[in-house]
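Peer 1: Here's my sequence, what's the structure:
(2 chains)
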Amino acid sequence: MSDTLGTDTAIDRQSQGAARAGDAATPPSPAARRRGRGRMRLEIAVLSGPAILVFVAFVIFPVVLAAYYGFYRWKGYGPPTDWVGLDNYRLILTDPAFQDVLWHSLLILVFSLVIQGPLAIGLAILLNQRIRGRALIRVLIFVPYIISEVIVGTGWSLMLQSTGAANDLLKHIGLGSWQQDWIADPKLALWTLMAIISWKYIGFAVILMLAGLQSIPEELFEAAAIDGASYWQIQRRITLPLLGPTIRIWAFLSIIGSLQLFDLVYIIWGQYVSGTAGTSTMAIYMVAQGRSAGSYGYGSAVAVVMFLISLVVALIYQRFVLRRDLRGAVTEGVS
Amino acid sequence: MSARTDTWSSSGVREKATRRGWGPGGGLGLGRGAGRGRGAGGGHGKPEKWGSPVVYFVALLFIAVCVAPVLYMVLGGFRTNAQITTSPAGLPHPFVTSNYTDVLKSNRFWGEFANSVIVALASTVGIVILGLMVSFVIARYDFKFKGAMYSLFAAGLMFPLVIAITPLYIVIKDLGLIDSLVGVIIPQIAFGLPTTVIILVPFLRAIPKEIEEAATIDGTSRLGFFFRMVMPLSLPGVVTVGILAFIGSWNNYVLPLYILNSDANFTLPLGVQAFSSQYSQDTAKVLAFTSLAMLPALVFFSIFQKRIVGGLTGAVKG
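Peer 2: Numbers count the residues shown, from 1 in each chain, chains lettered A, B, ... in the order given. Purely as a prediction, here's the structure:
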């Protein structure tokens, strides 16, 4: 490769360019083609090298490392030596606390889909009509999504304290008996979390659905209307099926997001209260049992379990749900 | 903003513009210019342009739900703690600006602000440059491992930062980058690449082959083509990716939480959390600090919102 670099003169480049341009008419000589291929390889290496290096070193390698550390009891200092085999995994899977967080994560996953999905589709269909101020609406409903989890968490936890604005508001509108300890009450906390999650992420869902609606050719609606289809028939027979790819991709993103949920719970409940209030997630468990407890081996094993759960869910989802549209929808994108 | 959005003009243009309204960024300005200046009252003559009142009612309700908590935080910063204690859900009466001015006068806020800006800008630049280069290779070169390379990055979508954080912390520690902004920037670049590749590859693929051939005939090398043609032509995609990277970095919490220890190196999300636990009795000031911390992301978003939504549209539509 280095000699290609050495002989790479302007003339060389030109002849190579000419050879490529004339591909159809006269095939370039084998030597020229070899030189062209060498140069191409160099370009590929130079252009993709840095990205691949950074990506492998800081994304792939840590995940592989987690699998390795997961077999050790390890406090994070020096190389791990105390090999415990599958003990960490056995502990995780039999720990009632992990079963709790697994259950919470599952509930969050299901309720995120069930609450946000229909609501977002309905709102998108409604907002897709020709109304004034659509651009402004679009900005405003996206605001909760743009604000960081930390700020959302700080703001909501202030509002939802027992002496906070939410309870005060209830008192003012004559619903004083509805006042609750929204955050600490274990019967309510998970629903409080679901409400905050829905508030934070529904704008994203609506925007995605609106984008999906925009890709449905208007002629279809017109043709259906001419054929005498009612509004509801049009929505059911045309909008929903054609919105399918968008819905399925949104659901995929939502599922992966639910399985990773950390920031909001950590900010509002913290790693200890979330345990008693019943809002702790797998990631909270990972941080509490791993870094906070100084058990990096155990924390890594939890990360591996989380990763495997996400991977299995993702693969099943892709295999059975996304198979049809993943190619056309995500990978081909704008083209 | 509202005056600009309320200005659809004649029905033909309007129809096109409306269709474009949610579409990829570029088209937005086109249908609008003609009607600009008519103002919000322009539609009275033809009521059908307004659509059903039910739609507006639901839209307003939805917007109120989305915005009210944010407004509460911003307005709460203009109250005193006494006001907040006696009537938590009330409005500022009288307006006090001291909470905001105190925060704006503090070195603490500006130090964290500067850290956030440095981290976000460096991450964005890194993500855009590395992402654009590798996307160009995947989109425009023919070689054996092209598909594998794309799958590698696409698979990265399934490795969110949270999962990798424990071992990532150890990697960063071994590199001696704990408690330094670089230790946050580099992993953020790495974790930003998958989205970038997925958004940019289709953009770059869509550049017509003829342009590349013409450039080749004119004696431009493929790298010359990259710098002179690809960069400008893929600008919309690059802007989308850059904004997502910037906001993602601005809001990132887990990584700084693990990597940054000393107050002087905190970014704003860590700063908000530290501030709110330190001044837990001073709710008004916490609200002011929090509101100021979210402002940059919001401003950034409102300037570039067409691009963000356009980018999402591009990534999703079939």
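
Peer 1: Which positions within the helix or strand hosting residue A:99 qualify as buried?
Peer 2: Assigning secondary structure by DSSP states H and E places residue A:99 in helix A:96-111. With burial defined by 16 or more other C-beta atoms under 10 Å in any protein chain shown, the residues of helix A:96-111 counted as buried are A:98, A:101, A:102, A:104, A:105, A:107, A:108, A:109, A:111. C-beta: built from backbone N, CA, C; applies to glycine.

Peer 1: what do you get for stretch B:182-198?
Peer 2: Burial within stretch B:182-198, assessed by neighbour count using 16+ other C-beta under 10 Å, is assigned to B:183-198.

Peer 1: likewise stretch B:165-176?
Peer 2: Neighbour-count burial for stretch B:165-176, counted by 16+ other C-beta under 10 Å, picks out B:165, B:166, B:167, B:168, B:169, B:170, B:171, B:172, B:173.

Peer 1: helix or strand right after the helix holding residue A:99?
Peer 2: Next along from helix A:96-111, by DSSP H and E: helix A:117-127.

Peer 1: Show me what that next one is packed against.
Peer 2: Applying 3 or more C-beta pairs under 8 Å, 6 or more residues apart in numbering or on different chains; DSSP states H and E, one finds that helix A:117-127 contacts helix A:189-214, helix A:240-260, helix B:53-76.

Peer 1: Of those, flag the one that's most buried.
Peer 2: Burial of the helices and strands packed on helix A:117-127 is given as mean neighbour count (mean count of other C-beta atoms under 10 Å in any protein chain shown); helix A:189-214 ranks first at a mean of 22.

Peer 1: got a list of contacts for whichever helix or strand comes after that one?
Peer 2: Toward the C-terminal end, the helix or strand that comes next after helix A:189-214 (DSSP H and E) is helix A:218-226. Around helix A:218-226, the neighbours that count as contacts under C-beta atoms under 8 Å, 6 or more residues apart in numbering or on different chains are A:233, A:234, A:237, A:238, A:242, B:19.

Peer 1: Write the PyMOL selection for whichever of the residues you listed are buried.
Peer 2: Only the buried entries of these go into this PyMOL selection, using 16+ other C-beta under 10 Å:
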select buried, chain A and resi 234+238+242
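
Peer 1: Out of the contacts of helix A:218-226, which is nearest to residue A:122?
Peer 2: Set against residue A:122, the nearest of these by C-beta to C-beta is residue A:234 (14.4 Å).

Peer 1: Which residues are in contact with that closest one?
Peer 2: By C-beta under 8 Å, 6+ apart, the contact set of residue A:234 is A:221, A:224, A:225.

Peer 1: Likewise for residue A:97?
Peer 2: By C-beta under 8 Å, 6+ apart, the residues touching residue A:97 are A:275, A:280, A:285.

Peer 1: helices or strands up against the helix or strand hosting the first one?
Peer 2: Looking back up the chat, that one is residue A:275. Here residue A:275, judged by DSSP H and E, is contained in helix A:270-277. For helix A:270-277, the packing partners by 3+ C-beta pairs under 8 Å, 6+ apart come out as helix A:282-289.

Peer 1: Could I get the CA-only coordinates of the helix it packs on as CSV?
Peer 2: Taking Å, rounded to 0.1, in the frame of the first residue of the first chain, the C-alpha atoms of helix A:282-289 are listed here in CSV:
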residue,chain,number,x,y,z
MET,A,282,-32.4,-3.1,35.4
ALA,A,283,-30.0,-0.2,34.8
ILE,A,284,-30.6,1.1,38.3
TYR,A,285,-29.9,-2.3,39.7
MET,A,286,-26.7,-2.5,37.6
VAL,A,287,-25.4,0.8,39.0
ALA,A,288,-26.4,0.1,42.6
GLN,A,289,-25.0,-3.4,42.7
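
Peer 1: related to what we said a few turns ago, quick check: ChimeraX command selecting the buried ones in the contacts of residue A:234.
Peer 2: Burial among the contacts of residue A:234 is assessed by 16+ other C-beta under 10 Å; the matching ChimeraX selection reads:
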select /A:221,224
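
Peer 1: residue boundaries of the helices in the stretch 201-318 of chain B?
Peer 2: B:209-217, B:222-225, B:231-233, B:235-251, B:254-259, B:268-278, B:283-316 (DSSP state H, counting those that start in this stretch).

Peer 1: closest one to residue B:177 among the ones you listed?
Peer 2: With C-beta to C-beta as the criterion, residue B:177 lies closest to helix B:254-259 of the helices of the stretch 201-318 of chain B, at 7.4 Å.

Peer 1: What average pLDDT does the closest one get?
Peer 2: For helix B:254-259, the mean per-residue pLDDT is 89.

Peer 1: close to chain A, is it?
Peer 2: Yes - Helix B:254-259 reaches chain A (C-beta under 8 Å from any C-beta of the partner chain) through B:254, B:258.

Peer 1: list the helices and strands that helix packs on?
Peer 2: When contacts are defined as 3+ C-beta pairs under 8 Å, 6+ apart, helix B:254-259 packs onto helix B:161-174, helix B:181-205, helix B:268-278.

Peer 1: repeat that with 10 Å
Peer 2: Secondary-structure packing of helix B:254-259 (3 or more C-beta pairs under 10 Å, 6 or more residues apart in numbering or on different chains; DSSP states H and E): helix A:149-160, helix A:263-268, helix A:282-289, helix B:107-140, helix B:161-174, helix B:181-205, helix B:268-278.

Peer 1: Dump those helices into TSV; add mean pLDDT and distance to residue A:303 as well.
Peer 2: Below are the helices and strands packed on helix B:254-259 laid out as TSV (pLDDT from 0 to 100; distance: least, C-beta to C-beta, whole Å):
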stretch	mean pLDDT	distance to residue A:303
helix A:149-160	88	20
helix A:263-268	89	16
helix A:282-289	87	6
helix B:107-140	89	23
helix B:161-174	85	5
helix B:181-205	87	15
helix B:268-278	87	22
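
Peer 1: and residue B:89, which of those is closest to it?
Peer 2: Nearest of those to residue B:89, taken as C-beta to C-beta: helix A:149-160 at 8.6 Å.

Peer 1: how much does the closest one deviate in direction from helix B:235-251?
Peer 2: In terms of direction (axes from the mean of the first three to the mean of the last three C-alpha atoms, to 10 degrees), helix A:149-160 departs from helix B:235-251 by 50 degrees.

Peer 1: Can you name the element that comes right after helix A:149-160?
Peer 2: Note on helix A:149-160: by DSSP H and E, the next helix or strand toward the C-terminus is helix A:165-172.

Peer 1: for the stretch 201-318 of chain B, what are the low-confidence residue spans?
Peer 2: B:307-318 (pLDDT under 70).

Peer 1: got TSV for the helices of the stretch 201-318 of chain B, with distance to residue A:93 and mean neighbour count too?
Peer 2: Listed next are these as TSV, based on distance: least, C-beta to C-beta, whole Å; neighbours: other C-beta atoms under 10 Å in any protein chain shown:
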stretch	distance to residue A:93	mean neighbour count
helix B:209-217	54	15
helix B:222-225	52	19
helix B:231-233	51	13
helix B:235-251	33	23
helix B:254-259	24	23
helix B:268-278	32	21
helix B:283-316	37	22
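
Peer 1: if we can go back for a sec, to residue A:134, which of the helices and strands packed on helix B:254-259 lies closest?
Peer 2: The nearest among the helices and strands packed on helix B:254-259, by C-beta to C-beta, is helix B:181-205 at 23.6 Å.

Peer 1: can you give me the offset of the closest one from its chain's centre?
Peer 2: Centre-to-centre, helix B:181-205 and its host chain are 14 Å apart (C-alpha atoms, centre = their mean, to the nearest Å).

Peer 1: same deal with stretch B:270-282?
Peer 2: Its chain's C-alpha centre and that of stretch B:270-282 lie 25 Å apart, by C-alpha atoms, centre = their mean.

Peer 1: So that stretch, near chain A or not?
Peer 2: Yes - for stretch B:270-282, a contact with chain A is found by C-beta under 10 Å from any C-beta of the partner chain, at B:270, B:271, B:272, B:273, B:275, B:276, B:277, B:280.

Peer 1: and what of stretch B:56-69?
Peer 2: Yes - Stretch B:56-69 comes into contact with chain A (C-beta under 10 Å from any C-beta), by way of B:56, B:58, B:59, B:60, B:62, B:63, B:64, B:65, B:66, B:67, B:68, B:69.
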